[in-house]
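Colleague: Sequence and predicted model, in that order:
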Amino acid sequence: MGFMFFLFLSGVKMDTGLVKKTGKRQISTALISIVVPTVASFSVAMCMRKKMDKELAKISSLGGIAGYLGLTSCPALYNILREKNLLSSEVGRTALSIALIGDVLGVIITVVFEAAMQGETGAVHAFWFMVSVLCLTVFVVICVRKWMEWIIEKTPEGQEVSKSYVVSILLGVFVMGFLTDLFGIGIANGPLLLGLAIPDGPPLGTVIVEKTETIIMDFLMPFTFIMVGFYIDVYSLNDVGWSHLAPLFMMCLTSYLTKFLSAWVASLYWRMPLRDGLTLSLMLSLRGQIELLLFVHWMDKMMIKPPGFTVLVLITTTVTATLTPLIHILYDPTKPYMVNKRRTIQHTPPNTDLVIVLSILDTQTVSTLIHLLEVSTPSSTNPISIWALHLVELVGRTNPIFIDHNQQKVPPKYDCPRAVNALTFFQELNGSDSVKLRFFTAVTSKQTMYQDICELALLRKAAFIVVPFRRGDITMNVIRNVASHVLTHAPCSVGILVDRGLHVGGHSFRRSRKKVAMLFLGGADSREALVYADRMAENEGVNLSVARFLSFNQRGESEMEKKMDDGIVTWFWVKNERKESVEYKEVVVQNGEDTIMAIQGMNDGSFDFWIVGRRQGMNPVLLSGLSNWSENEELGLVGDFIASADFSGSASVLVVQQQILRG
């Protein structure tokens, strides 16, 4: 039963429509990495056929086993990649696409194999078997699929699918299992077919996965593995001897080796980097739950006996246990983000595009993002290029997707009209010569959202990534995880924007004057924050107050950092000293408590934005004694204090981290 529901769940998550969109590289690699090991292992089997049992020596058995050994199952690969946070990596996406093609071929091989088995007792049996398969497939595609679409239409937008529909679908798993077993197709193929008939993603696919995945994976599957363990008989290996086990062992060894080599050669042909090609080959060699199900199926068909089953399970377990850590050693998905070129606001040349990546995890933060962009003073001489990325959690499907709204139609279930309309209106308000806008949607797992953000920033040569941060929100852990990883791996500067309730209409914000406070505590992050604040000072509707904090008697000062701080502050003040809307002052403090008191003294409730550097290069004396006050490391000590409930007001907070060179 565990395998039945596992395959059903796998079918729900699969989007077979992606096969049509798969490129030549994935298709050719998939075919080569399947055909070559299948032919090689079948050839080895034919050479050693005389040493096999009667059932195993049948051509239909050898062909079926050789074909299965050459495949990579998408569900097994998905689970491993998800655990290793590689779903959104380039190699991970490629491997999943190839595995999806393999699953389609696997279904075909299953039908051919079962038909061949039926044909051994007469051609009539094979004919009626194929008729049964065809009728069942047509029934699922036409009737069941239409029923699923009807359920989706009956479900009001934004609401969950009725529990009665979910229960009836789960009962349908048993019905499909019974029908396919009755027709001789295999009890597990029916649930898989039913799962494929259910549209992946929200609302139906998502709710089924959310309500069943935990109990299937954490309760039913462990019992299934116990059943597999009952079939294993290590002591039987001594009884039968090596000559009996050699054919099956050599088939497996030949298949796995040729699959690895053929996939690697194909990756070299398509000019993938050496490490990426090796990683892809290792990924395609991974095995999992589907293989164990096949071994049990072969036992039921009397094709193999307990010794052969034991060998297959041991080989599969050993291969996966060996290759998984090798993949982790070989491939680091964050390595491409390690650039040694300056991509910061400070180093962006004047009168050129400031490229910003906006991360949209929650539509409630869109208005605050718009307000930040507005005070950033977009103009024809200092334009802003916005690459907005709407992030959607991957639930109810296997393959992550990345959608460019300018080139692809966005499925309604992943659309974000509020964000799109707000940003489009902002662009129209400022003019296309001042604001350039591109919108993207990434559907990926929570653990790998940061990879899509960093990848977009890398490809578009962004100088600044903005990640919204909502304290006390139910999605707090997700946001913290994304923010933390972006800060660690970003190829450019990062701004964590804490939304504290500034939600007003775009027009009223544009007409009213806004007050911005910038706290300069020294170091690279503060210098980056000051340059961004300087850009805001060019906006006639912005009043900017800059406070520079200095330690008493220059205690704890780094001579190098002090020189760079003095240089950037002098540049800023010389540029803005004649502006009545810009205020600058210096505050001398002796410890962190003095710093907090000075900041509290500035807070008269009139500021709309606070800007502060995160922590790089700050004088530790300015923060001494504050380490126990911080709850959110992502915001830094000062940023966390300003964003906390102890700091009165509803002003939003921007915590800036300058790019960390890692190349």
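Modeller: Sure, I can see it.

Colleague: Please, where are all the strands along the stretch 301-450 of the chain?
Modeller: 354-360, 384-393, 401-404, 435-444 (DSSP state E, counting those that start in this stretch).

Colleague: Now do the first one: which elements does it pack against?
Modeller: Yep, that's strand 354-360 we're talking about. Judged by 3 or more C-beta pairs under 8 Å, 6 or more residues apart in numbering; DSSP states H and E, strand 354-360 is in contact with helix 366-375, strand 384-393, helix 449-459, strand 464-469. From N, CA and C alone the C-beta is placed, and that goes for glycine too.

Colleague: and with 7 Å instead?
Modeller: Judged by 3 or more C-beta pairs under 7 Å, 6 or more residues apart in numbering; DSSP states H and E, strand 354-360 is in contact with strand 384-393, helix 449-459, strand 464-469.

Colleague: Helix 449-459 and the longest helix seen in the chain, what's the angle between them?
Modeller: The longest helix of the chain (DSSP state H) is helix 90-119. Calculated by axes from the mean of the first three to the mean of the last three C-alpha atoms, to 10 degrees, helix 90-119 forms an angle of 120 degrees with helix 449-459.

Colleague: quick one: low-confidence ranges for this protein?
Modeller: Within the chain, the stretches with pLDDT under 70 are 120, 471-475, 501-512, 628-629, 663.

Colleague: got the domain boundaries for it?
Modeller: 2-330, 334-500, 513-663 (automatic domain parsing).

Colleague: For the residue nearest to R342 when sequence neighbours are not counted, grab phi and psi.
Modeller: Leaving aside its sequence neighbours, R342 sits nearest to Q659 (C-beta to C-beta, 6 or more residues apart in numbering; 6.7 Å). In terms of degrees, to the nearest 10, the main-chain angles of Q659 are phi -50, psi 130.

Colleague: Please apply the same query to R271.
Modeller: Phi and psi for R271, reported as degrees, to the nearest 10, are phi 60, psi 40.

Colleague: How about S558?
Modeller: Phi and psi for S558, reported as degrees, to the nearest 10, are phi -90, psi 130.

Colleague: Count the neighbours of it for me.
Modeller: Applying other C-beta atoms under 10 Å, we find 15 residues neighbouring S558.

Colleague: Tell me which residues touch the closest residue to it other than its chain neighbours, please.
Modeller: If the residues on either side of it in the chain are set aside, S558 comes closest to G617, at 7.0 Å by C-beta to C-beta, 6+ apart. Neighbouring residues of G617 by C-beta atoms under 7 Å, 6 or more residues apart in numbering: G522, G523, A524, D525, E561.

Colleague: One more: I568?
Modeller: Contacts of I568 by C-beta under 7 Å, 6+ apart are R527, L530.

Colleague: Check the gap between it and A76 for me.
Modeller: From I568 over to A76 the distance is 54 Å, taken as C-beta to C-beta, to the nearest Å.

Colleague: now swap in S434 and tell me
Modeller: Taken as C-beta to C-beta, the span from S434 to A76 is 50 Å.

Colleague: what's the answer for V313, then?
Modeller: Taking C-beta to C-beta, one finds V313 at 14 Å from A76.

Colleague: can you give me the strands for the stretch 101-250 of the chain?
Modeller: Per DSSP E, counting those that start in this stretch, the stretch 101-250 of the chain carries no strands over any range.

Colleague: can you map out the helices along it?
Modeller: 123-139, 145-154, 163-183, 189-196, 204-215, 221-231, 236-240, 242-269 (DSSP state H, counting those that start in this stretch).

Colleague: And these: which comes nearest F641?
Modeller: Each of the helices of the stretch 101-250 of the chain was scored for nearness to F641 using C-beta to C-beta, and the closest is helix 204-215 (37.3 Å).

Colleague: What about V498, how many residues nearby?
Modeller: Number of residues near V498 (other C-beta under 10 Å) recorded here: 24.

Colleague: just checking, it touches S652?
Modeller: Yes: counting by C-beta atoms under 7 Å, S652 is a contact partner of V498 at 6.2 Å.

Colleague: still on that earlier bit, now for the longest helix of the chain, which elements pack on it?
Modeller: helix 18-21, helix 24-47, helix 59-69, helix 74-83, helix 123-139, helix 274-284.

Colleague: mind running it again at 8 Å?
Modeller: helix 18-21, helix 24-47, helix 59-69, helix 74-83, helix 123-139, helix 189-196, helix 274-284.

Colleague: most neighbours per residue, which of those?
Modeller: Comparing these by mean neighbour count (mean count of other C-beta atoms under 10 Å), helix 189-196 comes out on top with a mean of 26.

Colleague: tell me, how many neighbours does K154 end up with?
Modeller: 10.

Colleague: do you know how far it is from P203?
Modeller: 10 Å.

Colleague: what's the answer for V265, then?
Modeller: Using C-beta to C-beta, V265 is found at 43 Å from P203.

Colleague: What's the separation between A30 and T94?
Modeller: Distance from A30 to T94, counting by C-beta to C-beta: 10 Å.

Colleague: Apologies, that question was intended for E540.
Modeller: Look at E540 and T94: by C-beta to C-beta, they are 50 Å apart.

Colleague: More neighbours: those two, which one.
Modeller: Applying other C-beta under 10 Å to E540 and T94 shows that T94 carries more neighbours, namely 24 against 9.

Colleague: mind listing what that one touches?
Modeller: R25, Q26, T29, L280 (C-beta atoms under 8 Å, 6 or more residues apart in numbering).

Colleague: Please tabulate the contacts of G617 in JSON lines, including the columns secondary structure.
Modeller: Output for the contacts of G617, formatted as JSON lines (DSSP: H, G, I helix; E, B strand; the rest coil):
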{"residue": "G522", "secondary structure": "coil"}
{"residue": "G523", "secondary structure": "coil"}
{"residue": "A524", "secondary structure": "helix"}
{"residue": "D525", "secondary structure": "helix"}
{"residue": "E561", "secondary structure": "helix"}
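
Colleague: Farthest-apart pair in those residues, please.
Modeller: D525 and E561 (11.1 Å).

Colleague: Wait, M14 touches R397, no?
Modeller: Yes: with contact defined as C-beta atoms under 8 Å, M14 counts as touching R397 (7.5 Å).

Colleague: Neighbour count for these two, which is higher?
Modeller: Using other C-beta under 10 Å as the criterion, M14 and R397 rank with M14 on top: 25 against 21.

Colleague: Now the closest residue to the more buried one other than its chain neighbours: phi and psi?
Modeller: Of all residues not flanking M14 in the chain, T398 sits nearest, at 5.6 Å (C-beta to C-beta, 6+ apart). With angles defined as degrees, to the nearest 10, T398 sits at phi -90, psi -50.

Colleague: Can you give me every residue that contacts T398?
Modeller: Neighbouring residues of T398 by C-beta under 8 Å, 6+ apart: S10, K13, M14, D15, C74, P75, Y78, L96, L100, D200.

Colleague: same question, G613
Modeller: 519-521, 523-529, 636, 655-658 are the contacts of G613 under C-beta under 8 Å, 6+ apart.

Colleague: ok, now with 7 Å
Modeller: Neighbours of G613 in contact, by C-beta under 7 Å, 6+ apart: L521, G523, D525, S526, E528, A529, V656.

Colleague: Bridged to it, which residues?
Modeller: Counting by DSSP bridges, G613 forms beta bridges with V656.

Colleague: From Q600, how far off is it?
Modeller: 19 Å.

Colleague: Which positions in stretch 634-654 come out as buried?
Modeller: For stretch 634-654, burial by neighbour count (16 or more other C-beta atoms under 10 Å) applies to 634-644, 647, 649, 651-654.
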